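A.B. asks: fold the following, please.
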Amino acid sequence: MQSSATCAVAGPRPNRWETLCALQSLLPLLKKAATDLNRADMVYWFEQADAEIANIIRGHPSDAAAIPALIASSPQNRHPVVQACGGSAR
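C.D. replies: Numbers count the residues shown, from 1 in each chain. Model (predicted):
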């Protein structure tokens with residue numbers, strides 16, 4: 001988790017950095033909940049989101065070209081509702 005002055009409260013309305021920092025503080029809880037549910041796919045995406053948010057906070061640009069590789073390497077543990085719909089959520 002990033003402990004930066006960037007995450008300090010700056011005024012009455014949250015700014016984009018505060019929003020990113022709040023999301024980053026929630027990701028460990030979401031990852032734990034996904035782990036408890038035995039959802040490797042969700043754990044994977046929460047880990048990816050955490051790393052991406054940390055990079056943004058540090059000032060490193062996103063790498064949109066890496067997204068297809070991330071999707072291809074993600075676990076394929078689909079939700080039962082998606083499986084019941086024949087593989088696509090509607």
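A.B. asks: poorly predicted segments of the protein, please.
C.D. replies: 1-14, 77-90 (pLDDT under 70).
A.B. asks: break down it into its helices, ranges please.
C.D. replies: 16-36, 40-58, 67-73, 80-84 (DSSP state H).
A.B. asks: any chance of the ones you listed in JSON lines, with mean neighbour count too?
C.D. replies: All C-beta spots, glycine's among them, are computed from the backbone N, C-alpha and C. What follows is those, written out as JSON lines (neighbours: other C-beta atoms under 10 Å):
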{"stretch": "helix 16-36", "mean neighbour count": "15"}
{"stretch": "helix 40-58", "mean neighbour count": "16"}
{"stretch": "helix 67-73", "mean neighbour count": "10"}
{"stretch": "helix 80-84", "mean neighbour count": "9"}
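A.B. asks: what's the distance between Asn55 and Ser62?
C.D. replies: 7 Å (C-beta to C-beta, to the nearest Å).
A.B. asks: what of Arg39?
C.D. replies: Arg39 is 24 Å from Ser62, by C-beta to C-beta.
A.B. asks: of those two, which one has the most company?
C.D. replies: Arg39 (18 against 10; other C-beta atoms under 10 Å).
A.B. asks: what's next to stretch 23-34, contact-wise?
C.D. replies: Met1, Gln2, Met42, Val43, Phe46, Glu47, Ala49, Asp50, Ile53, Ala54, Ile57 (C-beta atoms under 8 Å, 6 or more residues apart in numbering).
A.B. asks: got the contact list for the fifth one?
C.D. replies: Applying C-beta under 8 Å, 6+ apart, one finds that Phe46 lies in contact with Leu27, Leu30, Lys31, Ala34.
A.B. asks: on that earlier part again, just the contacts of stretch 23-34 now: which is nearest Pro68?
C.D. replies: Ala49 (16.7 Å; C-beta to C-beta).
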